[in-house]
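Visitor: the following comprises the amino acid sequence and a computationally predicted model.
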Amino acid sequence: MALPTLTPEQRAEALAKAQAARKKRSELLASVKSGKTSIAQVLSKTDDITKKTKVSQVIRALPGYGPAKAAAVMEEAGIDDNRRVGGLGDQQRRKLLDAVAG
């Protein structure tokens, strides 16, 4: 399937939208890293940026969690590496909170 041809204005608009989304996602992860936002608060958010953020990124942003510990938490909770926050079910959310708390 070929990509649609965008006008320069449409391209500039799409680039600006993508840049704004990256900035908001970065701010979200920075607030998790600083401890201002807990994982429970992140899971309860309903905005598009949060829903499209990968769960593994959120876990790695937690203080004291690196790639290995985040992978272990994801495995314990039974969550795929590519899963996004908006795609988690209630049971997966509970397991994730339990894994991070324990």
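Guide: Yep, it's here. Numbering: from 1, shown residues only.
Visitor: wait, doesn't K54 sit right on I79?
Guide: No: counting by Cβ atoms under 8 Å, K54 does not reach I79; the two are 10.1 Å apart. The way it works is simple: take the backbone N, C-alpha and C, and place the C-beta from them, glycine included.
Visitor: and the two? which has more neighbours close in?
Guide: I79 (21 against 15; other Cβ atoms under 10 Å).
Visitor: the more buried one in helix, strand or coil?
Guide: coil (DSSP: H, G, I helix; E, B strand; the rest coil).
Visitor: how close does it get to V42?
Guide: Applying Cβ to Cβ, to the nearest Å, the value for I79 to V42 is 14 Å.
Visitor: looking at the helix or strand hosting E9 now, give me its mean pLDDT.
Guide: In this structure, E9 sits in helix 8-34 according to DSSP states H and E. Over the span of helix 8-34, the pLDDT mean works out to 95.
Visitor: list the buried ones in that helix?
Guide: Buried positions in helix 8-34, judged by neighbour count with 16 or more other Cβ atoms under 10 Å: R25, L28, L29, V32.
Visitor: list the contacts of the residue nearest to G66 when sequence neighbours are not counted.
Guide: The shortest distance from G66 to any non-neighbouring residue, by Cβ to Cβ, 6 or more residues apart in numbering, is to R60 (6.8 Å). Counting by Cβ atoms under 8 Å, 6 or more residues apart in numbering, R60 touches G66, P67, A70.
Visitor: need phi/psi at R60.
Guide: When read as degrees, to the nearest 10, the backbone of R60 gives phi -60, psi -30.
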